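*Asks:* structure of the sequence below:
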Amino acid sequence: MPRHRVSVTFSLSAKQVELLDRLAQRTHVPKSVYVRKGVDFILRKYRGVLQGAGPAAAADNEKR
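*Replies:* Numbers count the residues shown, from 1 in each chain. This next block holds a predicted model:
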C-alpha cells in the first residue's frame, strides 16, 4: 500500500535548523526523514493521551 504524504508548515528556531542541516549533510539523510522520525517519537510518547488516558498521562510523560 503506498504511503501518501501531506505537506505541513511549521517553524523551527535558527539553531534547530542549523543543527538539522549539519546532521543531514554529515549523514546524507534528508532533513524530512529526521522530522518524520521526531514526530513518530512524540506520537509514541503521548500514545496514552491519544487513546483517551487524559492529561495525567501527559503529565507523567513530561517527567521522563
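
*Asks:* from here on, just use CA atoms for contacts and neighbour counts.
*Replies:* OK.

*Asks:* run through the chain and note the low-pLDDT ranges.
*Replies:* Scanning the chain for pLDDT under 70 picks out 1-2, 54-64.

*Asks:* now the helices for it?
*Replies:* Using DSSP state H, the helices found in the chain span residues 14-27, 31-45, 47-50, 55-62.

*Asks:* of the ones you listed, which stretch is the most buried?
*Replies:* helix 47-50 (a mean of 15; mean count of other Cα atoms under 10 Å).

*Asks:* so what does that helix touch, helix or strand wise?
*Replies:* Secondary-structure packing of helix 47-50 (3 or more Cα pairs under 8 Å, 6 or more residues apart in numbering; DSSP states H and E): helix 55-62.

*Asks:* switch to 10 Å and redo it
*Replies:* Secondary-structure packing of helix 47-50 (3 or more Cα pairs under 10 Å, 6 or more residues apart in numbering; DSSP states H and E): helix 31-45, helix 55-62.

*Asks:* how close does Gly52 sit to Ile42?
*Replies:* 16 Å (Cα to Cα, to the nearest Å).

*Asks:* ugh, wrong one, Ser7
*Replies:* For Ser7, the distance to Ile42 - Cα to Cα - is 18 Å.

*Asks:* about what we covered before: nearest to Arg3, out of the helices of the chain?
*Replies:* helix 31-45 (13.1 Å; Cα to Cα).

*Asks:* okay, the angle between the closest one and helix 14-27?
*Replies:* Put simply, helix 31-45 runs at 110 degrees to helix 14-27, going by axes from the mean of the first three to the mean of the last three Cα atoms, to 10 degrees.

*Asks:* helices and strands around helix 31-45, which ones?
*Replies:* helix 14-27, helix 47-50, helix 55-62.

*Asks:* can you show me the CA trace of stretch 37-54 as PDB?
*Replies:* This file holds the C-alpha atoms of stretch 37-54, laid out as PDB (Å, rounded to 0.1, in the frame of the first residue of the first chain):
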ATOM      1  CA  LYS A  37      11.100  10.300  13.000                       C
ATOM      2  CA  GLY A  38      10.800  13.100  15.600                       C
ATOM      3  CA  VAL A  39       7.000  13.300  15.100                       C
ATOM      4  CA  ASP A  40       6.800   9.500  15.300                       C
ATOM      5  CA  PHE A  41       8.700   9.700  18.600                       C
ATOM      6  CA  ILE A  42       6.400  12.300  20.100                       C
ATOM      7  CA  LEU A  43       3.300  10.400  19.000                       C
ATOM      8  CA  ARG A  44       4.600   7.200  20.700                       C
ATOM      9  CA  LYS A  45       5.400   9.200  23.800                       C
ATOM     10  CA  TYR A  46       1.900  10.600  24.100                       C
ATOM     11  CA  ARG A  47       0.100   7.500  22.900                       C
ATOM     12  CA  GLY A  48      -1.900   7.400  26.200                       C
ATOM     13  CA  VAL A  49      -3.200  10.900  25.600                       C
ATOM     14  CA  LEU A  50      -4.300   9.900  22.100                       C
ATOM     15  CA  GLN A  51      -6.000   6.800  23.400                       C
ATOM     16  CA  GLY A  52      -8.000   8.800  25.900                       C
ATOM     17  CA  ALA A  53      -5.900   8.300  29.100                       C
ATOM     18  CA  GLY A  54      -6.200  12.100  29.600                       C
END
